Every structure is written in C-alpha cells, then in structure tokens.
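Undergrad: Got a sequence here, can you model it:
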Amino acid sequence: MTHSLKRLFSALLCFLFLLSLLPGAFASTVKRDSLGQAYDLSTDYLVTQYADATGQHGCFYTIENESSFLIFDGGWAGNADAVRDVIAAHGNHVNAWIISHPHQDHAGAFNVIMADPGEIVVDEIYDNGFDYDFIEASGEPYDDLAIMETFHALTKDVSHVTHLKRGDFLTVCGLTFNVYNAYDDVVLANVGGEKDYQNNASLLLRIRNQDDSILFCSDIKYDMNAFLSANLTPEMLSSTYVQLGHHGNWSLDEDFYARTGAGVFFLDAPSNISDNPDFPASSLKADLLAQNKTVLDYSTAPHSVVLK
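TA: Numbering: from 1, shown residues only. Predicted coordinates:
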C-alpha cells in the first residue's frame, strides 16, 4: 500500500470512528411495539390501546398495517376529538369500524363522528346485532337508551353495516374474525335478574393474523361465563393478547382468561379503577401480575402490540 493510500485509509477510519460517536448514527430503523417486539407493517398488524380523553374507563383500539386501518369501539362522546385526530393521521379513511355494543363508553365517539363525519370515510361498520326494539322495551337505565337510539338512527339505513352473529367466521382486511358472542337468544337465556342485556350481548371477538391474535371480551359480564366456558375450547380461545371484559369488573372469571393462554392483558380503565381495591379490576390485575403476566392499563397508555 502506498503512503498516500495509507493516509486515505487512516482518514477514513477516523471519520467512521467520529461518526459512530454521533447520537443515533447507527441507530436501527427497526420499529418496535410497547413490548419491544419488532414489526414490519408490510406483513404485520399493530394493535393500539388508547386511554379515553375524558379520564374515565372506555374502549378505543386501532388495528393497522400498510394498507388497512380498523377501529374497535372509540370510547365516550368526549373522546370524539381524540378519535378524529387518530383517523386524520391515517388519511381520514377507516376500512372497518367495529362497535362491540352501543353503550356510551364504547359507541359515544362513533355517534358524534358519524353524525358529522366531515372528510372521514368509513368503508364498513360491524356491530353486535342487537335487537333495538327489545332493548328499548326491556332494557334498564344503564343500557344508555339515548346512545343506542342515536346509533340505531345513524346505521339502520346504511348498506355497509354488518350485524355480526355468534359463530361467524370472516376475513376483514386480511385478518380473520371469529365471533364467539353477540346478541341472540343464548344471551337472553343466560342474563340474570339485572337484565344487563347489552353488556352481555357485546362482542366476544378473536382477531387473528398468521401467528398472533387478540381476543376482545368487550363488556361481557359474569352472566355469560358458564355458557362461554362450556362451549369454547382452549383452542378456540387461544390468543396472544386479551382485552379484559367490562374494564376488569364483574366479568369473566380468571379460569376463563387462563384458558386463552395469553401473556398480555389489556385493562381499559384508569388507575383509580385498576388499582383501587373497591373494584374487582384491582384484584384481577394483581392476580395476573402475580402470574408473571403483563397488564396494560390507562395509566401508561397508549400501548401498541404486534400481530405477526
């Protein structure tokens, strides 16, 4: 090697050394979720849990890849602006909007947005197939009849609404949907004296990519626990992630959740519920943590996880 080449080589080494000292000079471009898992939206989907802007419990998730954007519920009416912002960041286009049941903490934001969508376009809407007339006649005050009536008015004449039914299996935006609970006679036969039809008729929905899945338990309560446990096998329930039913309160039991085999659980509540001993959610959270499970609640939201 000539003297001039040696000098050039030495200079190049010095340059590379100095470059390596710069912050993030060789930082990886790999994207990672809240658990540190790498993902590629050309093949994977990202599920994101958002806290409700009202500071209350709620339910608002998005699922996205390079070509699709889905919403699960949306939270309270007071969360509508936050949902609009998320939709705007995705080009004001929602491929599919899933409403687990028309209660105010799940469908309130949907109602506000769909009453005045502006530039927002929603291709498909999915709901739990509730019987509007029955709920209006038999429901209790906590059934949020005004929210239900608004939801019904906004969707009853819309051609792109699908009423999901127990046992449905469908593909939406490249993901497989297994519907394990929705409004039907099974719910009516199992609901107890509280007449909590809407919560117990909310969707039990498993959404799956190639390897990973998330089980949305919506607001299903203890009334349905025995039936669902007896009729759903561990293979049917098998999931990577689980959204805990009814914000972790008065819902499905721990044996049911154990049968999913999940290691990560979403709890849709702020710490004044999830860490408050006055609520069952706090003991459920503590028990899951004691089993070395991961529990993601609103205290540190938003959280994102990948569906491989």
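Undergrad: what's the spacing between the residue nearest the centre of the chain and residue 288?
TA: The centre of the chain sits closest to residue 61, judged by C-alpha atoms, centre = their mean, with a distance of 3.9 Å. Separation of residue 61 from residue 288 (C-beta to C-beta, to the nearest Å) stands at 19 Å. For every residue, glycine as well, the C-beta is placed using N, CA and C.
Undergrad: Just give the nearest non-adjacent residue to residue 208, would you?
TA: In space, and not counting its chain neighbours, residue 208 is closest to residue 176: 4.7 Å by C-beta to C-beta, 6 or more residues apart in numbering.
Undergrad: mind listing what's buried in the helix or strand encompassing the one you found?
TA: Using DSSP states H and E, residue 176 sits in strand 175-181. Buried residues in strand 175-181, defined by neighbour count with 16 or more other C-beta atoms under 10 Å: 175, 177, 178, 179, 180, 181.
Undergrad: Count the neighbours of residue 29 for me.
TA: Burial of residue 29 is recorded as 4 neighbouring residues (other C-beta atoms under 10 Å).
Undergrad: for the strand holding residue 176, the distance to its chain's centre please.
TA: Offset of strand 175-181 from its chain centre (C-alpha atoms, centre = their mean, to the nearest Å): 13 Å.
Undergrad: With stretch 142-159 instead?
TA: 21 Å.
Undergrad: residues making contact with that stretch?
TA: 99, 102-104, 107-108, 110-111, 114-115, 125, 127, 130, 132, 135-136, 139, 161, 196-198 (C-beta atoms under 8 Å, 6 or more residues apart in numbering).
Undergrad: hang on, the residue nearest to the centre of the chain in a helix?
TA: No. According to DSSP: H, G, I helix; E, B strand; the rest coil, the state of residue 61 is strand, so it is not within a helix.
Undergrad: The nearest residue to it once chain neighbours are set aside in helix, strand or coil?
TA: Take residue 61 and drop its neighbours on the chain: the residue closest to it by C-beta to C-beta, 6+ apart is residue 72, 4.1 Å away. Three-state assignment for residue 72 (three-state DSSP): strand.
Undergrad: Same question for residue 286.
TA: For residue 286, the reduced secondary structure class is helix; criterion used: three-state DSSP.
Undergrad: Next one: it from residue 274, what distance?
TA: Relative to residue 274, and taking C-beta to C-beta, residue 286 is found at 10 Å.
Undergrad: okay, these two: which has more neighbours?
TA: residue 274 (24 against 14).
Undergrad: from memory that one sits against residue 297, does it?
TA: Yes. Contact criterion C-beta atoms under 8 Å: residue 274 and residue 297 qualify, at 4.4 Å.
Undergrad: Beyond the helix or strand residue 146 falls within, next helix or strand please.
TA: Element membership for residue 146 (DSSP H and E) is helix 145-155. Later in the chain than helix 145-155, the nearest helix or strand by DSSP H and E is strand 161-163.
Undergrad: Pull up the pairing partners for that following strand, direction included.
TA: Using DSSP bridges, strand 161-163 pairs in its sheet with strand 121-127 (parallel).
Undergrad: For residue 112, give its distance to residue 100.
TA: Taking C-beta to C-beta, one finds residue 112 at 17 Å from residue 100.
Undergrad: The two: who's more crowded?
TA: It is residue 100, of residue 112 and residue 100, that has more neighbours when counted by other C-beta under 10 Å, with 29 against 20.
Undergrad: just to revisit the earlier point, tell me what the helix or strand just after the strand holding residue 176 is packed against?
TA: With elements assigned by DSSP H and E, the helix or strand that comes after strand 175-181 is helix 185-190. Helix 185-190 sits against helix 197-200, helix 225-231, with contacts defined as 3 or more C-beta pairs under 8 Å, 6 or more residues apart in numbering; DSSP states H and E.
Undergrad: just to revisit the earlier point, for the strand holding residue 176, what is the average pLDDT?
TA: In this model, strand 175-181 carries a mean pLDDT of 98.
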